[in-house]
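> From the sequence below, what's the structure:
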Amino acid sequence: MLTNALLIAGGYLLGSVACAVVVCRVLGVPDPRADGSGNPGATNVLRLHGRLAAALTLGGDILKGVIPVLLARLLEAPHWAVAATGVAAFAGHLFPVYFGFRGGKGVATLAGVLLGLNWLLGATFVGTWLVTAALFRYSSLSALTAATLTPVYAWLLLPDRIFVFALTAIAAMLIWRHRSNIRSLIDGTEEKITLDSRSVSG
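Numbers count the residues shown, from 1 in each chain. Take a look at the predicted model:
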């Protein structure tokens, strides 16, 4: 039980590392929470500081989802603990303890969690995002569509229904974090993906 508790706590603490903030500090550019959408994620970093900063942010956000889940699997933790570790890493990104609980929207970290659980599940999530983005050119809509379908993919690809419940909870949190984007989509004011800013939301 102690190992499981440490995995879950470690998942949250690693998820709490706001890669956008760290990357921007290392590169000597302004904190992304202070400009643009105010979201510490790859999309806002791309719009404010360019592709290198965005790529580093995206990679970091994915890894902090992959690493704790993969570690839990390698240690042969029970399925409930693996699922809880993924939820904790995702929650850490949304509510980071190191940064005043002001986090991103979780798309890249969710992709990392899914890749840690099952590479095909992660690839399906990313594929859904890309297809939706190509059709509609909205990053937020792509994220919402991919997240909404994730529990269905998990039902088909993962061995235990506990993962379906965990990923349903994650999808619900992601949708809640995108509530301002949902309003903008309904109002027709959401910003579209352009040729110079293809990215995932937060």
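> So which bits of stretch 1-11 are buried?
Residues of stretch 1-11 classed as buried: Asn4, Leu7, Ile8, Gly10, Gly11 (neighbour count, 16 or more other C-beta atoms under 10 Å). Backbone N, C-alpha and C define where each C-beta goes, glycine included.
> likewise stretch 181-188?
Under the neighbour-count criterion of 16+ other C-beta under 10 Å, stretch 181-188 has Asn181, Leu185 buried.
> what about Leu58, how many neighbours?
26 (other C-beta atoms under 10 Å).
> any low-confidence regions in this protein?
Counting by pLDDT under 70, the chain has low-confidence residues at 195-202.
> mind listing the helices for it?
In chain order, the chain shows helices spanning 2-15, 19-27, 42-49, 51-74, 79-94, 107-117, 119-136, 139-157, 161-177, 179-187, with DSSP state H as the criterion.
> Determine which stretch of the ones you listed is the most buried.
Across those, the average number of neighbours (mean count of other C-beta atoms under 10 Å) peaks for helix 107-117, which reaches a mean of 29.
> outside of that one, which residues touch it?
With C-beta atoms under 8 Å, 6 or more residues apart in numbering as the test, helix 107-117 has contacts from 15, 41-42, 57-58, 61-70, 73, 82, 86, 89-90, 93, 121-123, 125-126, 129, 143, 146-147, 150, 154, 158, 163, 167, 170, 174, 200-202.
> Can you give the distance from it to the centre of its chain?
A distance of 6 Å separates the centroid of the chain from that of helix 107-117, by C-alpha atoms, centre = their mean, to the nearest Å.
> now swap in stretch 179-186 and tell me
Averaged C-alpha coordinates place stretch 179-186 at 18 Å from its chain's average position (C-alpha atoms, centre = their mean).
> what do you get for stretch 8-18?
13 Å.
> Then stretch 56-69?
Between the centre of stretch 56-69 and the centre of its chain there are 9 Å (C-alpha atoms, centre = their mean).
> Alpha carbons of that stretch, as CSV, please.
What follows is stretch 56-69 as a C-alpha-only set of coordinates in CSV (Å, rounded to 0.1, in the frame of the first residue of the first chain):
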residue,chain,number,x,y,z
LEU,A,56,9.8,22.0,-25.1
THR,A,57,6.6,22.7,-23.2
LEU,A,58,4.7,20.1,-25.1
GLY,A,59,7.4,17.5,-24.6
GLY,A,60,7.6,18.2,-20.9
ASP,A,61,3.9,18.1,-20.4
ILE,A,62,3.6,14.7,-22.2
LEU,A,63,6.5,13.2,-20.3
LYS,A,64,5.0,14.1,-16.9
GLY,A,65,2.0,12.0,-17.9
VAL,A,66,4.0,9.2,-19.3
ILE,A,67,6.7,8.8,-16.6
PRO,A,68,4.5,8.2,-13.4
VAL,A,69,2.1,5.9,-15.2
